[in-house]
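K.L.:
here is a sequence with its predicted model. Questions after.
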Amino acid sequence: MAGLGIGLIVLIVIVIAVVFWAIGIYNRLVSLRERVKNSWAQIDVQLKRRYDLIPNLVETAKGYMSHEKETLEAVIQARASATSAQINVSGDPTNLKAMSELAGAEGMLQSALGRLLAVSENYPELKANENMLALQEELTSTENKVSFARQAYNDAGNNYNTYKQQFPPVIFAGMFNFQDADYFEVKEPEQREAPQVSF
């Protein structure tokens, strides 16, 4: 009879240990997923800052570049697409489709900005404009911040994805529908370069 009581106590201790172990795995998955979301929020802030700078850049350039209407409109359209894609990702940075769409929209925006800045080289008055110089400085600073925030986000996503794909966390990740985090990277090699903003 005493052996049965000890066996029951051991069984209860084992069950309690397994429950706490499972809770620990679940909590770590939640913690890593929240780090991904927090890292995305840092990118989100910098992207909004960049998107806010672009209309000022276009308005400043518009006065000097009256013959470059297509280039200016391409920048505005690319900004609108990128802003829309960024809003979709902000709701859930683990949404792989939305993240892929944002990467594509960001690539188009980088390309359009690059064309605008290349064409602006043909306008010496624009290159000397104080507003344009200040916007150049802000854009360069923002591009650097986006780069650093992107690296932090990708690191957080890597840690989260690696942990959730290991055994036994993969079981809990599947049971509780923890989605992979996608990396925020530009797919096209020519779009990997930040726009050159030298005036």
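P.N.:
Good, I have the coordinates.

K.L.:
tell me how far the worst-scoring helix or strand of the chain on mean pLDDT lies from the chain's centre.
P.N.:
Using mean pLDDT, DSSP states H and E, the weakest-scoring helix or strand in the chain turns out to be helix 124-128, at a mean of 80. Taking CA atoms, centre = their mean, to the nearest Å, one finds helix 124-128 lying 33 Å from the centre of the chain it belongs to.

K.L.:
how about that helix, which residues are buried there?
P.N.:
Of the residues in helix 124-128, those with enough neighbours to count as buried (16 or more other CB atoms under 10 Å) are Leu126. In short, each C-beta sits where N, CA and C put it, glycine included.

K.L.:
send the alpha carbons of it over as PDB?
P.N.:
Extracted as PDB, the C-alpha positions of helix 124-128 are listed here (Å, rounded to 0.1, in the frame of the first residue of the first chain):
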ATOM      1  CA  PRO A 124      22.600  72.400 -60.600                       C
ATOM      2  CA  GLU A 125      20.100  74.800 -58.900                       C
ATOM      3  CA  LEU A 126      18.400  71.900 -57.300                       C
ATOM      4  CA  LYS A 127      21.600  70.400 -56.100                       C
ATOM      5  CA  ALA A 128      22.400  73.700 -54.300                       C
END
